[in-house]
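Student: What would the 3D arrangement of this be:
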Amino acid sequence: MTSLSDLKTEHPKWVHRCAILLACTTFPLIWVGGLVTTYDAGMAVPDWPNTYGYNMFLYPPTTWLSGPWDLLIEHGHRLLGSLAGLVAIGLVCVALKFERRRWVKALCLLALGLVIAQGTLGGIRVLAADRAIAKVHGCVGPAFFGLSVCIMVVTSRGWVRRLPLDQRNLKPATWALTLVILGLAYAQLVLGANLRHINLESDPFVFRAIVLFHVIGAFAVWFHGLLLRRRLRRVSLPQGLKRAVALLTLVLTLQLGLGLGTWVVKWGWPMTWGQTSWLTGWVVPAKSMFQANVVTFHVATGSLIIALSVWVCFRLARVTNFSRISLPFGRIKGVPA
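Tutor: The predicted structure is shown next:
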């Protein structure tokens, strides 16, 4: 068991608090970024890092708060990104001062590097007006969100207060399901980013292929989520962990519905499913508030799935008996068993 002195030295509360703040700052950033893409507002401000010649932070609030909607969300997105960057800098400073574990310090530095890279990608996207950059930009954001949640978990008391090996009753094969879910969920984000930023001149075959793999992947993630929950029913675990897995499966189910809703509001009811009388005359205007909310909700929920998967993966790792398997590369120095 971990002693009280270990808790005090391995659980610097300010590192944990900064990690929570970073995660809480990142999710609204992802949501607003989704709105920017949904409304195609990425070019509402044609220069970078300035805003119409002004310093980004000195741009008159009355101009963008009461101005066009696309200017509001694009400039707001930049300010939220800057806030996330400042929080990441604060996290690194606090970690370098109080955190003893080198690998946790490395994670904090990686988070700072990712937020800098993400901001740079956003700037290049504006200056070059390149959809390929927009796809990469859309994939880095959720990865950064997942990393912030990872740091939040490994700096918490629950991570440091680990159980003895004889009390860890989760099999490594069951824990590995969380890695499968996480990998599939991120692959779904990559496919979704390609659909969101697809070139209108692309071959229709490419579009159909991406949609097909996206649908298959959605059901694959959902199935593995249900499988994980079923296996954990037979294992004695803290109720908080079981609730987190139940929440993950619930969000995965919700995401299936949001995926269908996104298709319907953007491209209409699938012709192969037949037509019903109540759908006759039902029209969703392009870029309407209803369409934007459904599509952006779908995008943001994808990032939320990544965050929940990371949280479940790392929390279940603390109750998994890894002594049952042998790693070819041995243990990682500084990472407790």
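Student: which ones are touching G123?
Tutor: G123 makes contact with 48-49, according to C-beta atoms under 8 Å, 6 or more residues apart in numbering. Heads up, the C-betas are built off the backbone N, CA and C, glycines and all.
Student: and the gap between it and A129?
Tutor: 12 Å (C-beta to C-beta, to the nearest Å).
Student: F98 too?
Tutor: 43 Å.
Student: how about T249, secondary structure?
Tutor: Using DSSP: H, G, I helix; E, B strand; the rest coil, the secondary structure recorded for T249 is helix.
Student: List the residues that contact it.
Tutor: 222, 225-226, 228-229 are the contacts of T249 under C-beta under 8 Å, 6+ apart.
Student: Counting neighbours, which bits of the helix or strand harbouring G225 end up buried?
Tutor: When secondary structure is defined by DSSP states H and E, G225 falls within helix 204-232. For helix 204-232, the neighbour count (16 or more other C-beta atoms under 10 Å) marks 210, 214-215, 217-218, 220-222, 224-225, 228-229, 231-232 as buried.
Student: Closest one to Q239 out of the residues you listed, please.
Tutor: L232 (11.3 Å; C-beta to C-beta).
Student: Show me the helices in the stretch 151-300 of the chain, by range?
Tutor: Taking DSSP state H, counting those that start in this stretch, the helices of the stretch 151-300 of the chain run over residues 157-160, 172-196, 204-232, 239-267, 289-317.
Student: Need the winner for burial among these.
Tutor: Highest mean neighbour count among the helices of the stretch 151-300 of the chain (mean count of other C-beta atoms under 10 Å): helix 289-317, with a mean of 21.
Student: Quick one: mean pLDDT over that helix.
Tutor: The average pLDDT within helix 289-317 is 91.
Student: what separates stretch 198-217 from the chain centre, distance-wise?
Tutor: Its chain's C-alpha centre and that of stretch 198-217 lie 22 Å apart, by C-alpha atoms, centre = their mean, to the nearest Å.
Student: and the chain, what are its domains?
Tutor: 1-161, 166-270+288-337 (automatic domain parsing).
Student: Compare those domains and say which comes out lowest on pLDDT.
Tutor: Taking the mean pLDDT of the domains of the chain, domain 166-270+288-337 comes last: a mean of 84.
Student: Centre of the chain to that one, how far?
Tutor: That offset, for domain 166-270+288-337, works out to 10 Å (C-alpha atoms, centre = their mean).
Student: Repeat that for stretch 105-115.
Tutor: The chain centre lies 16 Å from the centre of stretch 105-115; the measure is C-alpha atoms, centre = their mean.
Student: outside of that stretch, which residues touch it?
Tutor: Here stretch 105-115 makes contact (C-beta under 8 Å, 6+ apart) with 15, 22, 81, 84-85, 88-89, 91-92, 95-96, 99, 140, 143-144, 147-148, 150-151, 154.
Student: hang on, the earlier thing: which residue of F98 and A129 possesses the greater neighbour count?
Tutor: When neighbours are counted by other C-beta atoms under 10 Å, F98 and A129 differ, and F98 comes out ahead with 15 against 12.
Student: Run a quick neighbour tally on the residue lying closest to that one once chain neighbours are set aside.
Tutor: Sequence neighbours aside, P12 is the residue nearest to F98 in space, at 3.7 Å (criterion: C-beta to C-beta, 6 or more residues apart in numbering). For P12, the tally of surrounding residues (other C-beta under 10 Å) stands at 19.
Student: quick one: buried residues of stretch 92-106?
Tutor: Neighbour count says stretch 92-106 has 92, 94-95, 99, 101, 104-105 buried, by 16+ other C-beta under 10 Å.
Student: ok, those vs L304, which is closest?
Tutor: Looking across these and measuring by C-beta to C-beta, the closest to L304 is V104, at 23.8 Å.
Student: wait, the closest one sits on M152?
Tutor: No: using C-beta atoms under 8 Å, V104 is not in contact with M152; the gap is 11.1 Å.
Student: What distance do you get for the nearest residue to P60 once chain neighbours are set aside to F27?
Tutor: With sequence-adjacent residues excluded and distances taken as C-beta to C-beta, 6+ apart, P60 is closest to Y54, at 7.5 Å. Distance of Y54 to F27, computed by C-beta to C-beta: 28 Å.
Student: and if you look at K105?
Tutor: For K105 relative to F27 (C-beta to C-beta), the value is 24 Å.
Student: could you pull out the helices for the stretch 1-150 of the chain?
Tutor: Under DSSP H, counting those that start in this stretch, the stretch 1-150 of the chain gives helices at 4-10, 13-38, 61-65, 69-98, 102-128, 131-154.
Student: Let me know which of the ones you listed is the nearest to R161.
Tutor: Among the helices of the stretch 1-150 of the chain, the nearest to R161 by C-beta to C-beta is helix 4-10 (6.6 Å).
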